[in-house]
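Q: below are the sequence and a predicted model; questions follow.
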Amino acid sequence: MALTRREFLEGVAAGAATFTFVPAGVLGLEGRPSANERLNIAAVGVGGMGKNNVKAVASENIVALCDVDEQYAGPVFNEYPNAKKFRDYRKMLDQMDKQIDAVIIATPDHTHAVVAMECMKRGKHVYVQKPLTRTVYEARMLTEAARRYKVVTQMGNQGASSEEVRLVCEWIWDGAIGQVREVHAWTNRPVWPQGIDRPQDTPPVPSTLDWDLWIGPSPMRPYHPTYHPFNWRAWQDFGTGALGDMACHVLDPVFRALKLRYPVSVEACVTTQFKEMWKAWRNTETYPLSSIVRYKFPAREGMPEVRVYWYDGGMMPPRPDELEPGRRLGDDEGGVLFVGDKGKLMTGCYSRGPQLIPYSRMKEYKRPEKTIPRVNTSHEMHWVQCCKEGKIDGPSSHFEYAGPFTESVVMGNLAIRFPNQLLLWDGQAMKVTNLEQANALVNPPYREGWSL
């Protein structure tokens, strides 16, 4: 039976009378459920990727679902009839505070931080889709909040729990290609329109959508279907473009294996577009059609300075001479090429583990022992297990790692906003030291009524 509008708005779930909530405080030591108890999980933003995250933890108690668009989220609402339904996450948390242990957050990028912060303040464990946040400042604030409130956290870059990323680390640390001073990473994104201007028509807001809540802390603008439900990724006020969408996947083995933290400089070049002859168009609405971002990271932990190059929109690094003709560079989604002083190592985005090139080196290489603990369940369920065990540093992409990682990723988007300029970056202070106007985008102001 379909969920009615009235049921949705009132937060009423069909069959609620037969469903028993178990407050976190009675489930185990220090308010944590024991390993054989089920976690009470809520989710905010369930129409898109959120539905997959919820499905991955459906063996737990799904007690509440929240989405600003009841039509888009309707199939997911109907799939979990015992979960209470909400439009506003703040009302959900107010009404069900004692019944929620943990929250999955899979809203558009621009509302990740405000939702996650409110949940953590209330002592809820959080799983936040990648990228962790839209801005550098937001990522720093979530990292500090996770530390302060001692909750279990996970960013939704599923590859962080994979066998492949662990193999990359073990091989790099084993010296398979020597010291790495250069890395190239790329993606097939964007797969949505970018390099476009704001639409001029203003269609009516669908009755099933709360547009004010969808806008959240970003500047208000008229509703248009080009923003919701999917293409928001292209828009600078809402998403993080190709870099934010995919770098938290593609660059994850790079950050882990090379033990990176903050870059010391970032620069970018982007596709040039023209609206009239000889006059380039500076688009301040969407991310460019394609970009190349160049990061420089300092020496650390016995590893040398390294330069990391990012490519999107069809841009690719030079094909290495060692790669045999007919052998593919990366996979359909993207890839990484590590350049060491004793060889090269290549990975795909999703489908390929590490491969030494040329392939003859794979036959010669004696693989090291597996020293990094493996994850034997899904990325989401690993987070659930850590919540039950109180392991704050247990998840593969907990915020102490995912926060600084996200800062570096979205720092690339800052460089994209100032193309062909070298930005010198003081990561600890979150400050561009040579271009003051860029600092306005490190922590852009929220719309009135919103704050962290």
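A: Received it, and whenever you're ready, just let me know what you need. Keep in mind that what you see is a predicted model, and the values were worked out from it rather than measured.
Q: where does pLDDT dip in the stretch 301-450 of the chain?
A: Scanning the stretch 301-450 of the chain with the threshold set as pLDDT under 70 gives 351.
Q: where are the low-confidence patches of the stretch 51-200 of the chain?
A: The model of the stretch 51-200 of the chain has no residue with pLDDT under 70.
Q: for it, which segments count as strands?
A: Here the stretch 51-200 of the chain has its strands, by DSSP state E, counting those that start in this stretch, at 61-66, 84-86, 102-105, 125-129, 153-156, 180-187.
Q: which one of those strands lies nearest to Pro444?
A: strand 125-129 (19.4 Å; Cβ to Cβ). Bear in mind the C-beta positions are built from the backbone N, C-alpha and C, glycine included.
Q: before we move on, the earlier item: tabulate the strands of the stretch 51-200 of the chain (TSV), appending mean neighbour count and distance to Val205.
A: Shown next, in TSV, are the strands of the stretch 51-200 of the chain (neighbours: other Cβ atoms under 10 Å; distance: least, Cβ to Cβ, whole Å):
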stretch	mean neighbour count	distance to Val205
strand 61-66	26	19
strand 84-86	25	19
strand 102-105	27	23
strand 125-129	28	24
strand 153-156	30	28
strand 180-187	22	33
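Q: got the end-to-end distance for stretch 367-374?
A: For stretch 367-374, the first-to-last residue distance is 16 Å (Cα to Cα, to the nearest Å).
Q: I meant stretch 289-302, not that one.
A: Stretch 289-302 has an end-to-end distance of 38 Å (criterion: Cα to Cα).
Q: kindly report the same for stretch 106-117.
A: With Cα to Cα as the measure, what separates the two termini of stretch 106-117 is 14 Å.
Q: quick one: Thr107 from Arg134, how far?
A: Counting by Cβ to Cβ, to the nearest Å, the separation of Thr107 from Arg134 is 11 Å.
Q: hey, what's Thr153 bridged with?
A: Val126 (DSSP bridges).
Q: hmm, it is touching Lys124, no?
A: No - contact between Thr153 and Lys124 fails when scored by Cβ atoms under 8 Å: they sit 10.2 Å apart.
Q: how deep is Lys91 tucked in, by neighbour count?
A: Other residues near Lys91 number 12, with proximity taken as other Cβ atoms under 10 Å.
Q: kindly export the longest helix seen in the chain (C-alpha atoms) in CSV.
A: In terms of residue count, the longest helix belonging to the chain (DSSP state H) is helix 399-417. Only the C-alpha atoms of helix 399-417 are listed here, as CSV (Å, rounded to 0.1, in the frame of the first residue of the first chain):
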residue,chain,number,x,y,z
PHE,A,399,36.5,10.9,10.2
GLU,A,400,40.1,11.2,11.6
TYR,A,401,41.1,9.9,8.2
ALA,A,402,38.1,10.9,6.0
GLY,A,403,38.1,14.5,7.3
PRO,A,404,41.6,15.5,6.2
PHE,A,405,41.2,13.4,3.0
THR,A,406,38.1,15.4,2.1
GLU,A,407,39.8,18.7,2.9
SER,A,408,42.4,17.9,0.3
VAL,A,409,39.8,16.7,-2.3
VAL,A,410,37.7,19.8,-2.0
MET,A,411,40.8,22.0,-1.9
GLY,A,412,41.1,20.9,-5.5
ASN,A,413,37.7,22.5,-6.2
LEU,A,414,39.0,25.7,-4.7
ALA,A,415,41.8,25.7,-7.2
ILE,A,416,39.3,25.1,-10.0
ARG,A,417,37.6,28.3,-9.0
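Q: that helix vs strand 125-129, what angle?
A: Angle of helix 399-417 versus strand 125-129, following axes from the mean of the first three to the mean of the last three Cα atoms, to 10 degrees, is 30 degrees.
Q: can you tell me which residues contact the most centrally placed residue in the chain?
A: Centroid-nearest residue in the chain, with Cα atoms, centre = their mean: Lys130, separated by 1.1 Å. Residues near Lys130 by Cβ atoms under 8 Å, 6 or more residues apart in numbering: 155-157, 244-245, 248-249, 406.
Q: let's see 6 Å
A: Applying Cβ atoms under 6 Å, 6 or more residues apart in numbering to Lys130 gives the contacts 155-157, 248.
Q: that older thread, next, format the strands of the stretch 51-200 of the chain as JSON lines and append distance to Thr377.
A: Shown next, in JSON lines, are those (distance: least, Cβ to Cβ, whole Å):
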{"stretch": "strand 61-66", "distance to Thr377": "17"}
{"stretch": "strand 84-86", "distance to Thr377": "27"}
{"stretch": "strand 102-105", "distance to Thr377": "16"}
{"stretch": "strand 125-129", "distance to Thr377": "14"}
{"stretch": "strand 153-156", "distance to Thr377": "12"}
{"stretch": "strand 180-187", "distance to Thr377": "27"}
